[in-house]
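*Asks:* Any chance you could fold what I've pasted below:
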Amino acid sequence: MPVTSTLSVVVVRPQLASNDMGHGRLSTCLLCGGMSRRMGTDKALIPHPRGGVWLTALLDQLCALALPVVVVSGHEIHAALVRGRDGVSFLQEPVPWNGPLQAFAQVLSPTSDQPLMVLPVDMPRLTTTVLQGLIKAWSREPEVAAVAHDGERLQPLLGIYPSGPPFQSTLTNQLKGDHWSWHAWLDCIPHQPVALPAEALLNANCPEDLAALSDEHS
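*Replies:* You can find the predicted model right below:
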């Protein structure tokens, strides 16, 4: 089993990040499946203060990175929002839906030259600058996964993951055992935490989170 990295947190000042990072074949996976049970409505379709809905607002932020994007979702309505966008494709998540790790496994390559940046649709405060900071930290050690850290805990649904072994192989083996925990997978792969602004990493899962966001822009 690969030894998990014990590197200290990499502190990133996003304003220093640039687009010229030498990220090679890096592409992006935007996860927007799931049932949104706690929110009570499809989170991808919630209106965003910057315009559009959460799904399209994040795609707008990703556009400036000039990276290929695949939107992974079990909801066909999301495909209509993706259609016609340059560099953006849609992948239907197969049923049964068993969480984001299974969805991510649909796109993580078994070859070693296709790293993926993954992000969830329910982080509505994410910006291009924050994502550039994550890419810059990862590019210093691209053979190790770079996982967002909000100062208190890891946020593994926002990270950059190398492909091939041991990343894809350990993920496949874990899902064969019906173990859907992303944190459990992290224990099997080399990774480093990347400190990013906590406010940008708000994971909005319930109406109370939505109300807090609304208050900021009222």
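
*Asks:* going forward, measure contacts between C-alpha atoms and count neighbours the same way
*Replies:* OK.

*Asks:* Phi and psi next, for the closest residue to Pro47 other than its chain neighbours.
*Replies:* Setting aside the residues directly before and after it, Pro47 is nearest to Val53 in space (C-alpha to C-alpha, 6 or more residues apart in numbering), at 4.2 Å. Taking degrees, to the nearest 10, you get phi -120, psi 170 for the backbone angles of Val53.

*Asks:* Following the helix or strand of the chain with the lowest mean pLDDT in sequence, what is the next regular element?
*Replies:* Counting by mean pLDDT, DSSP states H and E, the weakest-scoring helix or strand in the chain turns out to be strand 10-11, with a mean of 34. Moving toward the C-terminus from strand 10-11, the next helix or strand (DSSP states H and E) is strand 27-31.

*Asks:* name the helices or strands packed onto that following strand?
*Replies:* Taking 3 or more C-alpha pairs under 8 Å, 6 or more residues apart in numbering; DSSP states H and E as contact, the helices and strands that strand 27-31 lies on are strand 69-73, helix 100-105, strand 116-120.

*Asks:* Show me what the lengthiest helix in the chain is packed up against.
*Replies:* If each helix of the chain is counted by residues according to DSSP state H, the longest one is helix 128-139. For helix 128-139, the contact count by 3+ C-alpha pairs under 8 Å, 6+ apart identifies strand 145-149, strand 154-161 as packing neighbours.

*Asks:* just to revisit the earlier point, separation between the residue nearest to Pro47 and Cys63?
*Replies:* Val53 sits 15 Å away from Cys63 when distances are taken as C-alpha to C-alpha, to the nearest Å.

*Asks:* In which helix or strand does Val95 reside?
*Replies:* Secondary structure assignment for Val95, by DSSP H and E: no helix or strand.

*Asks:* Spatially, what comes nearest to it if we skip its sequence neighbours?
*Replies:* Gly74 (7.6 Å).

*Asks:* Pretty sure the one you found sits against Gln92.
*Replies:* Yes. Distance between Gly74 and Gln92: 5.4 Å, which falls inside the contact criterion (C-alpha atoms under 8 Å).

*Asks:* quick one, which of these two is more surrounded?
*Replies:* When neighbours are counted by other C-alpha atoms under 10 Å, Gly74 and Gln92 differ, and Gly74 comes out ahead with 21 against 16.

*Asks:* since we're on Arg85, how many residues are nearby?
*Replies:* The burial count assigned to Arg85 is 12, neighbours taken as other C-alpha under 10 Å.

*Asks:* Using CSV, write out every CA atom in stretch 175-194.
*Replies:* Provided in CSV are the C-alpha atoms of stretch 175-194 (Å, rounded to 0.1, in the frame of the first residue of the first chain):
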residue,chain,number,x,y,z
LEU,A,175,-15.3,0.6,-4.7
LYS,A,176,-15.3,-3.2,-5.3
GLY,A,177,-15.5,-3.5,-1.6
ASP,A,178,-18.5,-1.2,-1.4
HIS,A,179,-16.6,1.3,0.6
TRP,A,180,-17.6,4.8,-0.6
SER,A,181,-15.6,7.0,1.8
TRP,A,182,-13.4,9.6,0.0
HIS,A,183,-11.4,10.0,3.2
ALA,A,184,-10.7,6.2,3.3
TRP,A,185,-9.3,6.4,-0.2
LEU,A,186,-7.0,9.3,0.8
ASP,A,187,-5.5,7.0,3.4
CYS,A,188,-4.4,4.7,0.5
ILE,A,189,-2.7,7.4,-1.7
PRO,A,190,0.0,9.9,-1.3
HIS,A,191,-1.5,13.4,-0.8
GLN,A,192,-0.7,16.8,0.5
PRO,A,193,-3.1,19.3,2.1
VAL,A,194,-3.3,22.7,0.4
